[in-house]
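A.B. asks: mind folding the following:
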Amino acid sequence: MGGTEIIHAVAGEKHNQLSTEEIIDDLTNLVENTDDRLRTQTRHVKMVDKKSTSCGMLVVIVLLLIAIAVVALWPTG
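C.D. replies: Coordinates of the predicted model:
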């Protein structure tokens with residue numbers, strides 16, 4: 001192997017190393033972005049779940065009040 005071939009081999013390996021580092025950096029950025037979006041969507045899901053639970057309880061309370069009013073006003077006898 002001559003000096004020129006060694007230089008080309010080292011340069012090619014250095015290029016491959018840079019490409020690998022760029023790929024790793026890109027993957028790291030993609031994972032961080034995905035993690036941020038996942039955390040944001042998880043917060044949204046928790047908020048919607050909390051709102052729907054409180055809405056369900058409100059409906060039950062209103063139905064119970066209507067049932068109490070109907071029983072109280074029901075004619076006896």
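
A.B. asks: if I look at Cys55, how far off is Gly12?
C.D. replies: 64 Å (Cβ to Cβ, to the nearest Å). (C-beta placed from N, C-alpha, C; glycine too.)

A.B. asks: oh, that last question was meant for Thr76, not what I typed.
C.D. replies: Counting by Cβ to Cβ, the gap from Thr76 to Gly12 is 97 Å.

A.B. asks: same question for Lys51.
C.D. replies: Remark: distance between Lys51 and Gly12 (Cβ to Cβ) = 58 Å.

A.B. asks: need phi/psi at Trp74.
C.D. replies: Note on Trp74: its backbone torsions stand at phi -70, psi 130 [degrees, to the nearest 10].

A.B. asks: oh, that last question was meant for Cys55, not what I typed.
C.D. replies: Main-chain torsions, Cys55, degrees, to the nearest 10: phi -70, psi -40.

A.B. asks: can you pull the pLDDT of it?
C.D. replies: Looking at Cys55, its pLDDT stands at 81.

A.B. asks: give me the neighbour count for it.
C.D. replies: Number of residues near Cys55 (other Cβ atoms under 10 Å) recorded here: 10.
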